[in-house]
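Enquirer: Predicted structure and sequence below. I'll ask about it afterward.
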Amino acid sequence: MRGARVAVLTGAGVSTDSGIPDYRGEGAPRRSPMTFQTFLASEQARKRYWAGSHLGWRHFGAAQPNPGHRALAELEAAGVVSGLVTQNVDGLHRRAGTAHVVELHGAMDRVVCLACGQYYARQAIADRLEALNPGIDLREAIRPAPDGDVEVDDVDAMRIPDCTVCGGTLKPDVVFFGEFVPGETFESARSIVAGADVLLVAGSSLVVNSGIRLIEQARRRHLPIIVVNRGVTKGDGRAAVKLDAGTSETLTAMAAALG
């Protein structure tokens, strides 16, 4: 990595030390994520989704960048990291100070109208959700269910915000299961890998197709691939170096050695 332009691909393992669980790692809880098709098809499904998402947003909003996020920002500032692609939707790389970051799957701190494309800050929508449901204590009425869904007391009575511009359906600006990564977003990620000499993968098991496509692009260009992750990943066979280790301590050591 010394003297090279390093592209970085990160996954959920980078954020576990910020208190955000890794849903694919060893010991991760079972979850049944809502698909985009179900979200569009049913108002009751949208109510249930927004209830659970509101619960999750309180947790996401309280999370802070950890030493791994900060180390990557330091490596960018030192000219080592030329660009970062993340599969995470927590926005913690941006908050840590990384400037050149592509969020492959979007970000939970933004909300978009599916009809007119208007964007909103997530906190503003969270405030509207609370205001629309004054008779429901969302902290008490929403409970995680064993299958990864949520249970909401009297979901039919719950009201969800719509677009203040056109009245359209609002959705967090993240890629749901059943959706594709937008083409322009993936091209931005590809360009980061194309302009690099080394690809560093941190905290990703690489089970999502978009990550494997970037790994394969690096392999075809004969770039050295470094994988830092606890446990096996789908990229191990392509890696020049595999470090079975935590990301926070490893990235911090890299920043100390290279920065």
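Expert: The structure has been received and is ready for your questions.
Enquirer: phi, psi of I226?
Expert: In terms of degrees, to the nearest 10, the main-chain angles of I226 are phi -110, psi 130.
Enquirer: List the residues that contact it.
Expert: M1, V198, L199, L200, V201, A239, A240, V241, K242, L243 (C-beta atoms under 8 Å, 6 or more residues apart in numbering). Every C-beta, even on glycine, is put in place using the N, C-alpha and C of the backbone.
Enquirer: Count residues in the vicinity of T185, would you?
Expert: 18 (other C-beta atoms under 10 Å).
Enquirer: What of the one 5 residues further on?
Expert: Residues lying near R190 (other C-beta under 10 Å) number 15.
Enquirer: Pull up the gap between it and P224, please.
Expert: 18 Å (C-beta to C-beta, to the nearest Å).
Enquirer: Please apply the same query to V174.
Expert: The value you get for V174 to P224, if C-beta to C-beta is used, is 31 Å.
Enquirer: Can you give the domain ranges for the protein?
Expert: 1-20+65-105+175-259, 29-62+109-172 (automatic domain parsing).
Enquirer: Give me the average confidence score over the one helix or strand R46 maps to.
Expert: Using DSSP states H and E, R46 maps to helix 43-62. Averaged across helix 43-62, the pLDDT comes to 81.
Enquirer: Show me what counts as buried in it.
Expert: Under the neighbour-count criterion of 16 or more other C-beta atoms under 10 Å, helix 43-62 has 45-57, 60 buried.
Enquirer: do the same with stretch 194-214
Expert: Quick answer for stretch 194-214 (16+ other C-beta under 10 Å): 196, 198-206, 208, 210-212, 214.
Enquirer: what does stretch 169-187 give?
Expert: In stretch 169-187, counting by 16+ other C-beta under 10 Å, buried: T169, L170, K171, P172, D173, V174, V175, F176, V181, T185, F186.
Enquirer: Also stretch 67-87?
Expert: 67-76, 80-87.
Enquirer: Give me the pLDDT for L75.
Expert: Per-residue confidence (pLDDT) for L75: 98.
Enquirer: my guess is it contacts R5, does it?
Expert: No - between L75 and R5 there is no contact under C-beta atoms under 8 Å: 11.2 Å.
Enquirer: If you average pLDDT over each of the domains of the chain, which is lowest?
Expert: Minimum mean pLDDT among these: domain 29-62+109-172, a mean of 79.
Enquirer: can you tell me how far F176 sits from A4?
Expert: On the measure of C-beta to C-beta, F176 and A4 end up 36 Å apart.
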